[in-house]
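1. Let me see the structure of the following:
(2 chains)
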Number of protein chains: 2
Amino acid sequence: MAVKPDIEIAREAQKRPITEIGAKLGIPAEQLLPYGHDKAKVSQAFIAGLEGRKSGRLILVTAINPTPAGEGKTTTTVGLGDGLQRIGRKAAICIREASLGPNFGMKGGAAGGGYAQIVPMEEMNLHFTGDFHAITSAHNLLAAMLDNHIYWGNEHQIDVRRVVWRRVVDMNDRALRQVVTSLGGVANGFPRESGFDITVASEVMAILCLAEDLQDLQRRLGDMIVAYRHDRTPVFARDIDADGAMTVLLRDAMQPNLVQTLEHTPAFVHGGPFANIAHGCNSVIATKTALRLADYVVTEAGFGADLGAEKFFDIKCRKAGLHPDCVVLVATVRALKMNGGLERDELGDENVSAVREGCSNLGRHIQNLKSFGVPVVVAINHFTGDTEAEIDAVRAYVAGQGAEAHLCKHWAEGGAGIEGLATRVAEIADADRAQFAPLYPDQMPLWQKIECVAERIYHAHEVTADQRIHEQLAQWEAQGYGHLPVCMAKTQYSFSTDPGLRGAPEGHVVPVREVRLSAGAGFVVAICGEIMTMPGLPRRPAAEKIRLNDAGEVEGLF
Amino acid sequence: MAVKPDIEIAREAQKRPITEIGAKLGIPAEQLLPYGHDKAKVSQAFIAGLEGRKSGRLILVTAINPTPAGEGKTTTTVGLGDGLQRIGRKAAICIREASLGPNFGMKGGAAGGGYAQIVPMEEMNLHFTGDFHAITSAHNLLAAMLDNHIYWGNEHQIDVRRVVWRRVVDMNDRALRQVVTSLGGVANGFPRESGFDITVASEVMAILCLAEDLQDLQRRLGDMIVAYRHDRTPVFARDIDADGAMTVLLRDAMQPNLVQTLEHTPAFVHGGPFANIAHGCNSVIATKTALRLADYVVTEAGFGADLGAEKFFDIKCRKAGLHPDCVVLVATVRALKMNGGLERDELGDENVSAVREGCSNLGRHIQNLKSFGVPVVVAINHFTGDTEAEIDAVRAYVAGQGAEAHLCKHWAEGGAGIEGLATRVAEIADADRAQFAPLYPDQMPLWQKIECVAERIYHAHEVTADQRIHEQLAQWEAQGYGHLPVCMAKTQYSFSTDPGLRGAPEGHVVPVREVRLSAGAGFVVAICGEIMTMPGLPRRPAAEKIRLNDAGEVEGLF
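-> Okay, the predicted model is just below:
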């Protein structure tokens, strides 16, 4: 069956007025703050009034380790929401917002694909409702106030060499990675080295996504460490009185955005923290709001299950007191073949043994996910070239792992193509089988937490780090940060730290190169490998071809 | 009569749904893109359909040279709109948007004051509908693409010492005025000096405010000069293929924002270019849209009439083919006293002779404005401490100048307090007396244009400049930019370049220190004195006190 390009399907969408989508969840029109006719924020007042309501079922969609073949995690998240709606359930979807900047480098991403998409696609890849701009403003206000504090006498005795708060911009701009600021003499301050990250890497973004309400937001913003004094004690955002004004700038952004799928299933699209130096999930406030309004909430987490699901469980669910009822693990025959050793140009022909080989990756994720106490179902996201024998091989493997696999055709058929999975997921969730527990307790020492994730999830043989990293962790424990969870930053392409090592590697070594404290967000980042907090543009950036066509449509963005 | 603080009045406003405000102007609800329930953008499609409609009357509100006493130009703009509506006329108001950044330095500005305000005040001082964020993004995308071009081989042979395109942020951040970028080695590019301006100083902002439609916007963006090659030829934004993507980023921002006054008069609040290095008026698209929908459109220009009105006439009206029908020149007794030599702490007592002395400033503005061929009316914006004798002195002086003055009490009484002025302004506009012509013709050489403004508007004796400035102007003329108008950047506090010289100084010298070409916006900036394109924060920035109170209201912003 021939499916049109995502953008064409999205443009042909017969969107319903957003008030009608809100009404499906019982949100009165006056509690929706519209942004155009197809997007709205749900008012803070309405959300506050939901306190104490019974929670719906929470379903996490995650995936095997990503490959260039594509897995379709977001597509399956959207499709499953549509499928649940189709079988008569009151469903909502929760996903992250897209970052504007990277769309000008590589072509932008749809929210889903084929006939399982969230719309309006163009706006969601551009300014949307301005949340990321608000985060950029709040982040940079703090930076300006910090340098201003130093300029006007530096009452807090900040060591200008130890300012850790950088600036952000929602743009791929390598020229800003490392800069010297405050040049030009007395009027402009004290020159110092600094740099810019992309907005999604801001701790403010992580905080917005973890905060329960505006009070919690302000408290967390105040808790952020921005610099160290000459005596090495930390200076908090609260110390320079930035937390109140930042909260004001983020007031609207804290309200979740409501949009719709092609089949008019309500979708909350809110927040988008980096999946490496942050936890990579949509906002807690969106997820909790959705849970209070719908019977089934389908959400996803960044990267593969080793990173995304682990952080979803150990950071988001732990912190927000969420109890997931079911996990859907997405795999494709093509991606399993790549995990089985094939290259991208070898995916065209049937190769059952490569599929079987690659299932080792799938199997480890199944076992890992089960270890969190949540029932797992595998979604085989169908590609038109998949053969019966290949699909059967996956089904058989999954059955051997004590789980079940469902072939899903939502990409080509929308919600109708995923009714089987939707029915099973609803049954499993309703059966209340989940006995969710995070991987490690709060009181475990920080280093042991890192080891715990590396050994139990990555199946690493050893975790290594310099003495200074151990000392740093010990210092944070002494300062009262020992109870925080760890946020692992490593390659998403492998269970190991070597992106080329597909399948289910064993006995590898995970080197922790750096640790960072996100005191406001509430986690310690363990960096295992290179991480990039400011991407660059490619030689021929997508932006060169992006323009409005004569019909006023955006060309070149997708 | 005791009037409450602006913010209290604004919060008590009984706003009507924005669709109702749009309906007053005949805008169908589906052509309004709502941002919440009290703000909306007017759709591009609707605006395109207005082409060819008869234009209403255009009324400019300007003022004497600003003093610390306050003149109330925006308050009078708003009040006059309300007054016109009150006497049964179909009126609309056009003003600029506020910049977010400066509100965190000094307390934010209301749009108007007392009972002559535009609401919602908080949103208008924060993110509003995201226009400035879109401008920031478009500006910085160009900067990123430019550095990316250099990074990937510098096909255009750009001289990195002659990159003139800086970056912007909507924040008062002196640390960014002068920076070195692209540090850190091979991966990050070629180190060079640069800096950040505040967003309102971006040429993109000036272009958004002068462009007729999206096609014109893209053409002008492409025309911007971003750097010079080693052979000194200019590199345009078009050369690095940024104009299309910038236009996409600005598509929504090009649609004018509709809000309302306390008395529900429709108000377009759109664009906000700097009044020194740019022309300081709201957008052409908003003004033209308003003129096609209302019978009377009241607008204003930045600073006093010597700068604001002159640029309104010579840049905005010339370029957009607008024909103003009447000018309202705002003065207050208090400000005239300061122009008459008093200090701020001497304004409490009646002092008719100081008023008479200060009227020299008023008189020169009257004559200047008349020289553009537009009828002038003086609005005396009433302060409660003004005495009858002082007011009579102003009336008498104005009569002697061949004009009329009206006492206006809109601050305390809203539209009811300004009916007299509204009635006269409508009569004058309807009488079609205006014979508007810009001060100088397009074909006058650039240097002569500068002299023309300085001599005829500022009453300067002489204009001076280094030889290199004359050479620069000659070069631009040779390159085909000789037809552009000039945009004067000088202090707003005096007709001269000395901010302390109030009243009506004669025989002073205007030194042109620098000239800049804004090839996309379409003017040559003549800088006469210091101009600051990136403000700093004060010792105790307003941000320190800004917070949400328990009622969820913003405190400390006003």
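2. how is chain A carved up into domains?
-> A:6-128+A:255-430, A:132-250, A:446-528 (automatic domain parsing).
3. could you dump those domains to TSV with mean pLDDT and mean neighbour count?
-> Bear in mind the C-beta positions are built from the backbone N, C-alpha and C, glycine included. What follows is these, written out as TSV (pLDDT from 0 to 100; neighbours: other CB atoms under 10 Å in any protein chain shown):
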stretch	mean pLDDT	mean neighbour count
domain A:6-128+A:255-430	96	22
domain A:132-250	98	22
domain A:446-528	96	19
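4. Out of the ones you listed, which gets nearest to chain B?
-> domain A:132-250 (3.0 Å; CB to the nearest CB).
5. For the domains of chain A, please prepare a markdown table with the additional fields distance to B:V333.
-> Formatted as a markdown table, the domains of chain A follow (distance: least, CB to CB, whole Å):
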| stretch | distance to B:V333 |
| --- | --- |
| domain A:6-128+A:255-430 | 44 |
| domain A:132-250 | 37 |
| domain A:446-528 | 52 |
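6. So for B:N368, which of these sits nearest?
-> domain A:132-250 (34.5 Å; CB to CB).
7. Please state the offset of that closest one from the chain centre?
-> 23 Å (CA atoms, centre = their mean, to the nearest Å).
8. same thing with stretch A:302-318?
-> Worked out by CA atoms, centre = their mean, stretch A:302-318 lies 9 Å from the chain centre.
9. Check stretch A:520-531 too.
-> Put simply, stretch A:520-531 sits 14 Å off its chain's centre (CA atoms, centre = their mean).
10. same thing with stretch A:414-434?
-> With CA atoms, centre = their mean, you get 23 Å for stretch A:414-434.
11. which residues are in contact with it?
-> Stretch A:414-434 is touched from outside by A:57, A:59, A:76, A:79-80, A:82-87, A:89, A:114-116, A:262-263, A:265, A:296, A:323-326, A:328, A:373-375, A:377, A:379, A:382, A:404, A:406-411, with contacts defined as CB atoms under 8 Å, 6 or more residues apart in numbering or on different chains.
12. and the stretch 451-558 of chain A, which residues reach chain B?
-> Counting by CB under 8 Å from any CB of the partner chain, the stretch 451-558 of chain A comes close to chain B at A:536-537, A:539, A:541, A:543-548, A:552, A:554, A:556-557.
13. If we use 10 Å, what do you get?
-> Listed as neighbours of chain B in the stretch 451-558 of chain A under the rule CB under 10 Å from any CB of the partner chain: A:532, A:534, A:536-550, A:552-557.
14. Drop anything exposed from those.
-> A:534, A:536-537, A:541-544, A:546-548, A:554, A:556-557 (16 or more other CB atoms under 10 Å in any protein chain shown).
15. wait, which of those is closest to B:A290?
-> Checking these one by one against B:A290 (CB to CB), the nearest turns out to be A:L548, at 24.4 Å.
16. so what's that closest one bridging to?
-> Beta-bridge partners for A:L548, by DSSP bridges, are A:V554.
17. try A:V180
-> A:E193, B:V180.
18. List the contacts of it.
-> By CB atoms under 10 Å, 6 or more residues apart in numbering or on different chains, A:V180 lies in contact with A:191-195, B:178-181, B:183, B:191, B:193.
19. Kindly report the same for A:L250.
-> By CB under 10 Å, 6+ apart, the neighbours of A:L250 are A:131, A:134-135, A:137-139, A:204, A:207-208, A:211, A:214, A:217-218, A:221, B:548.
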